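*Asks:* next comes the sequence, and after it the predicted model I'd like to discuss.
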Amino acid sequence: MSLELILQYFPNITSEQKNQFAELETLYTDWNEKINVISRKDTDSLYEKHILHSLGIAKVMAFADGTKVLDIGTGGGFPGIPLAILFPNVQFTLVDSIGKKITVVKGVAESLGLKNVTAHHMRAEQLKEKFHFVVSRAVTQMPVFLTWLRGKFEKDQFNPKHNGVLYLKGGDLAEELAGLKCEIFQLKNYFEGEFFDTKKVVYLSKGNFNN
Ligand SMILES: C[S@@+](CC[C@H](N)C(=O)[O-])C[C@H]1O[C@@H](n2cnc3c(N)ncnc32)[C@H](O)[C@@H]1O
């Protein structure tokens, strides 16, 4: 179960995108032997737990061409790399504070020929560029995360949702999100399988937090 899993939920991708998704298996297996970016127990479920999970954001938001998206704490490239394959006309900037993870991201993007990915070794707080959306998975609690986003949003808006944050989260979020105005999308409504039972995309419009 690998590329077929992606095709099951994204049947209209081009042959170039199919090849790129298919290549991820070898690329991550090879890179993971040199630099650990995916926990060893998860490498067998790369397509479900990393690639399809990352693409959950695409079920909530079909980014318009020309959108600029920042992935904070991307690690080995999740969710940024799968989204960059799916949206070739959207610009993705991937940052991580650990240099060797960015080495992997750059290596994978280059092997795939992804022209829409830029990767930086830096802390998110230090980045001075502006974006329409910020995506992330498994980096920090939402209230802390939001403090990193000051001054990072573009004013122009041309997507189905207002510019803002799309964060992949799991479990009980009541305490973490208390007092925040957000929309929660359950990934079990889009994808089958126990893994997705508790997984969500949390969306916050930039106007709904102090930015
Ligand atoms: C648990 S990993 C998640 C990686 C990836 N998002 C994923 O889901 O596979 C968290 C990552 O966030 C990075 N990170 C933590 N704080 C950061 C910050 N302030 N700026 C940039 N990266 C950060 C860490 O270096 C680490 O690679």
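*Replies:* Alright, I've got the coordinates. On a predicted model such as this, the values are computed, not experimentally measured, just so you know.

*Asks:* is stretch 22-29 positioned near the ligand?
*Replies:* No: residues of stretch 22-29 are not located near the ligand by CB under 6 Å from any ligand atom, the shortest gap being 10.9 Å. For glycine as for every other residue, the C-beta is placed from the backbone atoms N, C-alpha and C.

*Asks:* ranges for the helices of the chain?
*Replies:* 3-9, 15-34, 53-60, 80-86, 99-112, 142-147 (DSSP state H).

*Asks:* dump the longest one to PDB, restricted to CA.
*Replies:* What follows is the C-alpha trace of helix 15-34 in PDB, where atoms were taken according to Å, rounded to 0.1, in the frame of the first residue of the first chain:
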ATOM      1  CA  SER A  15       1.800  11.300 -14.200                       C
ATOM      2  CA  GLU A  16       4.600  13.600 -13.100                       C
ATOM      3  CA  GLN A  17       3.000  13.900  -9.600                       C
ATOM      4  CA  LYS A  18       2.500  10.100  -9.500                       C
ATOM      5  CA  ASN A  19       6.200   9.600 -10.200                       C
ATOM      6  CA  GLN A  20       7.100  12.100  -7.600                       C
ATOM      7  CA  PHE A  21       4.900  10.500  -4.900                       C
ATOM      8  CA  ALA A  22       6.300   7.000  -5.900                       C
ATOM      9  CA  GLU A  23       9.900   8.300  -5.700                       C
ATOM     10  CA  LEU A  24       9.400   9.400  -2.100                       C
ATOM     11  CA  GLU A  25       9.600   5.800  -0.800                       C
ATOM     12  CA  THR A  26      13.200   5.300  -2.100                       C
ATOM     13  CA  LEU A  27      14.300   8.800  -1.200                       C
ATOM     14  CA  TYR A  28      13.100   8.700   2.400                       C
ATOM     15  CA  THR A  29      14.400   5.200   2.900                       C
ATOM     16  CA  ASP A  30      17.900   6.200   1.600                       C
ATOM     17  CA  TRP A  31      18.000   9.500   3.500                       C
ATOM     18  CA  ASN A  32      16.700   7.900   6.700                       C
ATOM     19  CA  GLU A  33      19.600   5.600   6.800                       C
ATOM     20  CA  LYS A  34      21.900   8.600   6.900                       C
END
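
*Asks:* report all helices and strands that that helix contacts.
*Replies:* Helices and strands touching helix 15-34, by 3 or more CB pairs under 8 Å, 6 or more residues apart in numbering; DSSP states H and E, are helix 3-9, helix 80-86, helix 99-112.

*Asks:* and those helices: which comes nearest Ala178?
*Replies:* Comparison of the helices and strands packed on helix 15-34 against Ala178 by CB to CB identifies helix 80-86 as nearest, at 28.4 Å.

*Asks:* hmm, the closest one touching the ligand?
*Replies:* No: using CB under 6 Å from any ligand atom, we find that helix 80-86 stays clear of the ligand, coming within 8.2 Å at best.

*Asks:* which outside residues touch that helix?
*Replies:* Residues from elsewhere that reach helix 80-86 (CB atoms under 8 Å, 6 or more residues apart in numbering): 10, 13, 17, 20-21, 24, 50-52, 54-55, 57-58, 63, 69, 71, 74, 90, 92, 94, 105, 108-109, 112, 114, 116-117, 135.
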